[in-house]
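Participant: Could you look at this predicted model? Sequence included:
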Amino acid sequence: MNEVIAKRALGAALAYAAGDAFGATTEFMTPAEIKDRYGVRRKMIGEGWLRLRPGQVTDDTQMCIYLARSILRSKGFCPVGVADGFVEWMRSKPVDIGSTVRAGIRRYITEKKVLAEPSEWAGGNGSAMRILPLVVYCLKSWHLFPAMALGQGRITHHNRDADLIMLALGECLKVAIETGDKMAVLDVASAFIRRYPAYSFSRYKGECSGYIVDTFKCVMHYFFDETSLENIIIGTASQGGDADTTSAIAGMLAGAIYGVDAIPRQWQRTLDSDVQRTLTGHMYELLQLPCCWVEAQWEAQCNAEWFALEQAEGTLYDGL
Ligand code: MN
Ligand code: MN
């Protein structure tokens, strides 16, 4: 295993969890409310509408852990294994769960249908926010990534914006981990918005709802505008809205670029130690496990879904 790559992957995972725990404090608040209450907050303190312990993570990090675990258990990728993992997670009484995520897992339980039907209402963050473990797993066989990404994402979110941004964020994270070069990530993001100007973040106006397009703009704005991991996450968290999710995703990209050591000491000490240990173990195992499908039938189905998306969008991934 390449140690440099492993360190960057670990930086991404731990900074993702740190962003989740840090941002959750101001989830669903407005920037004015946040300023009033906290000024510029630099400490990880928990609280928020979920009344969290300092360092406690939410559904974002938990779904990443369950997705990682399902791949490791199945010794490969299969949407059924992932859906089973999500069921197990939902039954563990998580501290929060998104409405589209809940509806998707319920549909799987009651109808045994693994993938969701397309829906214009499924443009939430859920599928993109848990892409991190799959990116790490697919680094060694990147050509498998798009179909697997759709295979995990569409369990809950079958929506054009959610699909496209999940794939773009995946590509951004891959390049961040492989190169450690922020400008290389900017190249990927710029190519993406040249193709999809509606996702442009160059004139960011503070969008930060749970809509994936807003999340993408918020994350990219702070990731490229700020120059330290700490300020990137403080920026997204101070924007409020879906602050835990935007901070987690921004933290993920920043962690790959700036590394674990850039995570402020107080955050490192405070962040749930079980989560840190679990993520560390899972990242190393995902890097080592050969990337493959476990069931030919699902490989064929997800490849067909990916082929259809590429047909509709033009060769999406080439030079994206
Ligand atoms: Mn959350
Ligand atoms: Mn959230």
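Facilitator: That came in fine, so what should we check first? Numbering: from 1, shown residues only. Ligands and ions are numbered 1, 2, ... in the order given.
Participant: And stretch 258-273, end to end?
Facilitator: With Cα to Cα, to the nearest Å applied, stretch 258-273 spans 21 Å between its terminal residues.
Participant: That stretch - what's its average pLDDT?
Facilitator: Stretch 258-273 shows a mean pLDDT of 98.
Participant: and the spatially closest residue to residue 153 that is not a sequence neighbour, how many residues sit next to it?
Facilitator: Using Cβ to Cβ, 6 or more residues apart in numbering and skipping residues adjacent in sequence, the residue nearest residue 153 is residue 127, 3.2 Å away. C-beta: built from backbone N, CA, C; applies to glycine. Residues within reach of residue 127, counting by other Cβ atoms under 10 Å, total 29.
Participant: what does the one 4 residues further on give?
Facilitator: Each residue near residue 131 was counted by other Cβ under 10 Å, and the total is 24.
Participant: Could you do the one 3 residues further on as well?
Facilitator: Under the neighbour criterion other Cβ under 10 Å, residue 134 is assigned a count of 26.
Participant: The one 4 residues further on now?
Facilitator: For residue 138, the tally of surrounding residues (other Cβ under 10 Å) stands at 22.
Participant: Which residues are in contact with it?
Facilitator: 144-145, 148, 174, 291 (Cβ atoms under 8 Å, 6 or more residues apart in numbering).
Participant: Counting only strands, which of these make the cut?
Facilitator: Counting by DSSP state E, no part of the contacts of residue 138 is found in strands.
Participant: quick revisit: what separates the residue nearest to residue 153 from residue 287, distance-wise?
Facilitator: For residue 127, the distance to residue 287 (Cβ to Cβ, to the nearest Å) stands at 22 Å.
Participant: what residues are up against the residue nearest to residue 153?
Facilitator: 152-157, 162-163, 166.
Participant: Pull the contacting residues for the residue most central in space within the chain.
Facilitator: Among the residues of the chain, the one closest to the centroid is residue 129, at 2.8 Å (Cα atoms, centre = their mean). Shown in contact with residue 129 (Cβ under 8 Å, 6+ apart): 60, 63-64, 215, 245, 248-249.
Participant: So which of the residues you listed are in helices?
Facilitator: 60, 63-64, 215, 245, 248-249 (DSSP state H).
Participant: so residue 232 touches residue 222, yeah?
Facilitator: Yes - assessed by Cβ atoms under 8 Å, residue 232 is found in contact with residue 222 at 5.1 Å.
Participant: Got a ChimeraX select line for the buried ones in the ones in helices among the contacts of residue 129?
Facilitator: Buried residues within the ones in helices among the contacts of residue 129, by 16 or more other Cβ atoms under 10 Å, are selected in ChimeraX with:
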select :60,63,64,215,245,248,249
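Participant: In TSV: the ones in helices among the contacts of residue 129, plus pLDDT and distance to residue 227.
Facilitator: As requested, the ones in helices among the contacts of residue 129 are exported to TSV (pLDDT from 0 to 100; distance: Cβ to Cβ, whole Å):
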residue	pLDDT	distance to residue 227
60	98	24
63	98	30
64	98	26
215	98	21
245	98	23
248	98	20
249	98	18
